[in-house]
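Participant: next come a sequence and a model predicted from it.
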Amino acid sequence: MSYRYWQSIPFPLKLQAPPPITNPAESSAISPCLHAARSEKILNVANVPKECPLSLTLGDLRFFPSTEGALYSRRPCQVLCPRGNHRSSPASAHLRDKTEGFSHAIPLATHGDSVMKNTCVRGRNPATSLRRSSCKMDNAEDRRAFLRLCAGGAGALWAQSIVARMAHAAEDNTIRVALVGCGGRGTGAAANALSTPGPTRLVAMADVFPERIDSSHAQLEKQFGDKVQVPQEHRFAGFDGYRKAMEILQPGDVVLLATPPAFRPLHLEYAVKRGLHVFMEKSFAVDAPGVRRVLSAGMEAEAKNLKIASGLMSRHYLPLEQAVDQIHHGAIGKVITCWAYRMHGPVGFRPKTPGLSELAHQIRNYSCFTWLNGSFMLDWLIHNLDVCCWVKGAWPVAAQGQGGRQVRDVPDQLFDHYAVEFLFPDGTKLFAQGRHQANTWGFFGCVIHGSTGSAVLGEGIPDPRLYSGHEQRAEAQIWRYQGPPCNQYQREMDLLFEAIREDKPYNETERSAYACLVGILGRMAAESGKMITWEEAMNSQLQLAPGVDQLTSLDDPPPVMPDDQGNYPIAKPGFTEVL
């Protein structure tokens, strides 16, 4: 799979499909060679990793000599090699013959401060491979040979600063983690990260509410002990906390993004800029401009060979994976219709307390404000919308629907019911229903109708089942999962950390952004009462949270304010502009 700029994707209403859905295990190939910019100046020689102290920091790049005539950059994805040699592999970076290994590296004395001249960059991640290597030099002869290679200019500064540490280098496979967004979901994601195979350590936390940081830290420290090492000075409260937390990390470490969705594009962009691997919770944006930012950050991450996992955990639930595989192999015939449901009681709301700012009140109730969560249609139905599109193997090309606020009486922006009809490229349809009203019928899951059978599966259905015919009776059951139990939240994190440790391609950004756009498309259709095409939705310039990147204090005004009676603007079909 290769990334495509969203502008180049055709989505006419003539049922021409968006890009096909891909298996979550697939990821895009890395560009074979990107020309590296020259580094004209050594900024510092610092933070030399224990496992491979033979490194030189040039700006934000750190280089390692290898046995294959290359300098490896500590920045994820970059292997710096002499021009013409594009076959270097960081996986074989052990210094089997140490002096020979250095003799073929780019001669620093020749290039002086412009070490990057005449080099190329290949899409691999030496940082993760080098964690498995011990690159120490054991004797004086080795160290003298290294010093001779580095004599003069930048090489001398490099060698003199680190040669004292060469004899005591040790392997360190620990992946350091920062948590941005310390609510229940963020705390759960951190627990999953600290439970992955291999050493991990939580080193920084950020949230706009300091009490949430403290509560999350106490819970995680109690559960994981010394795997949680977040001193007070590494706990950052405020809107700029995400930057400070990520700046504690080194390129190749992991950040968990679990704030309300309105902030996801901003935080993802900064994580990729910092060279960090990312777990990002759903939803991934609240509007089309945000989706485009996420797609762009995903393409940049691909070029840097960064790993990105998303919080669409149903994609990694083994029972569901196997059920979808059965459908794709014809177990219920051709898929004709898909039904996505989320029907239950009211979404919770906490009244504003005295002294609490308007912005703080809305963030504490983020599920109730469209600028923060993108609507009930998006943030609460995204999993089953995604599952239905996965089952169908396509994204919708258009949608029309309806929704309203019939029962809900608390002061917020939520519709309390949605019904949206999505059109697939082949003319078949996905029907989505969302309702959060008390004393009404409830169902949480997906129903799939095929030409010869049916299925009940999706989020909310822990035991997916396939049937012959369209009546889901016990005697008609033709398939049921028989494997071991599966924790989908843990498995999605295990797969991310495995990809990091083994340097496997892993980037879920594109399909996650498209799943997000399905929810946005549904919201647009219901709140406007109009037929909206995928192309129109993707190209929309409407921002639900203008200025969110510039928020600096909880005393700042939010994008949406109440009127004199304390009521907030609510969409009105036929009147509300959604594009």
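Facilitator: Ah, there it is.

Participant: list the contacts of the spatially closest residue to P484 that is not a sequence neighbour.
Facilitator: Leaving aside its sequence neighbours, P484 sits nearest to L318 (Cβ to Cβ, 6 or more residues apart in numbering; 7.9 Å). The way it works is simple: take the backbone N, C-alpha and C, and place the C-beta from them, glycine included. Contacts for L318 (Cβ atoms under 8 Å, 6 or more residues apart in numbering) come out as 481, 483-484, 486, 491.

Participant: tell me which helix or strand the closest residue in space to G547 that isn't next to it in sequence sits in.
Facilitator: In this structure, G547 finds its nearest non-sequential neighbour in P559, 6.4 Å apart by Cβ to Cβ, 6+ apart. Using DSSP states H and E, P559 is not contained in any helix or strand.

Participant: what's the following helix or strand after the one helix or strand F444 maps to?
Facilitator: Per DSSP H and E, F444 falls inside strand 443-450. With elements assigned by DSSP H and E, the helix or strand that comes after strand 443-450 is strand 453-457.

Participant: pLDDT of the helix or strand that that next one is followed by, averaged?
Facilitator: Using DSSP H and E, the helix or strand that follows strand 453-457 in sequence is strand 465-468. Strand 465-468 shows a mean pLDDT of 98 in the predicted model.

Participant: now swap in stretch 246-260 and tell me
Facilitator: For stretch 246-260, the per-residue pLDDT averages 98.

Participant: same check on stretch 507-522?
Facilitator: 98.

Participant: quick one: distance of that stretch to the chain centre.
Facilitator: How far stretch 507-522 lies from its chain's middle: 12 Å, per Cα atoms, centre = their mean, to the nearest Å.

Participant: so how far is A245 from V255?
Facilitator: 7 Å (Cβ to Cβ, to the nearest Å).

Participant: the strand holding F444: how far from the chain's middle?
Facilitator: Offset of strand 443-450 from its chain centre (Cα atoms, centre = their mean): 27 Å.

Participant: kindly report the same for stretch 530-545.
Facilitator: Using Cα atoms, centre = their mean, the offset of stretch 530-545 from its chain centre is 23 Å.

Participant: that stretch: which residues count as buried?
Facilitator: Within stretch 530-545, the residues that count as buried by 16 or more other Cβ atoms under 10 Å are 530, 532-538, 540, 543-545.

Participant: kindly export it (C-alpha atoms) in PDB.
Facilitator: What follows is stretch 530-545, C-alpha atoms only, in PDB (Å, rounded to 0.1, in the frame of the first residue of the first chain):
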ATOM      1  CA  LYS A 530     -28.800  16.700   2.500                       C
ATOM      2  CA  MET A 531     -27.100  14.200   0.400                       C
ATOM      3  CA  ILE A 532     -23.300  14.700   0.900                       C
ATOM      4  CA  THR A 533     -20.700  13.000  -1.200                       C
ATOM      5  CA  TRP A 534     -17.400  11.700   0.100                       C
ATOM      6  CA  GLU A 535     -15.600  14.200  -2.200                       C
ATOM      7  CA  GLU A 536     -17.600  17.100  -0.800                       C
ATOM      8  CA  ALA A 537     -16.900  16.000   2.800                       C
ATOM      9  CA  MET A 538     -13.200  15.500   2.200                       C
ATOM     10  CA  ASN A 539     -12.800  18.900   0.600                       C
ATOM     11  CA  SER A 540     -14.800  20.800   3.200                       C
ATOM     12  CA  GLN A 541     -13.100  23.800   4.600                       C
ATOM     13  CA  LEU A 542     -15.400  24.100   7.600                       C
ATOM     14  CA  GLN A 543     -13.600  23.900  11.000                       C
ATOM     15  CA  LEU A 544     -15.500  23.000  14.100                       C
ATOM     16  CA  ALA A 545     -12.700  24.200  16.400                       C
END
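
Participant: what segments of the stretch 451-579 of the chain are helices?
Facilitator: 488-502, 509-528, 534-538 (DSSP state H, counting those that start in this stretch).

Participant: in CSV, list those along with distance to D463.
Facilitator: What follows is these, written out as CSV (distance: least, Cβ to Cβ, whole Å):
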stretch, distance to D463
helix 488-502, 13
helix 509-528, 23
helix 534-538, 33
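
Participant: which of the ones you listed sits closest to P425?
Facilitator: helix 534-538 (9.8 Å; Cβ to Cβ).

Participant: can you give me the distance of the residue nearest to G547 to E459?
Facilitator: From P559 to E459 the distance is 29 Å (Cβ to Cβ).

Participant: can you name the residues that contact the residue lying closest to E247 once chain neighbours are set aside?
Facilitator: Of all residues not flanking E247 in the chain, R274 sits nearest, at 7.4 Å (Cβ to Cβ, 6+ apart). Applying Cβ under 8 Å, 6+ apart to R274 gives the contacts 246-247, 249, 251.

Participant: tally of neighbours for the residue nearest to G547?
Facilitator: 18 (other Cβ atoms under 10 Å).

Participant: now swap in Q565 and tell me
Facilitator: Around Q565 there are 6 residues (other Cβ under 10 Å).

Participant: okay, P126: pLDDT?
Facilitator: 34.
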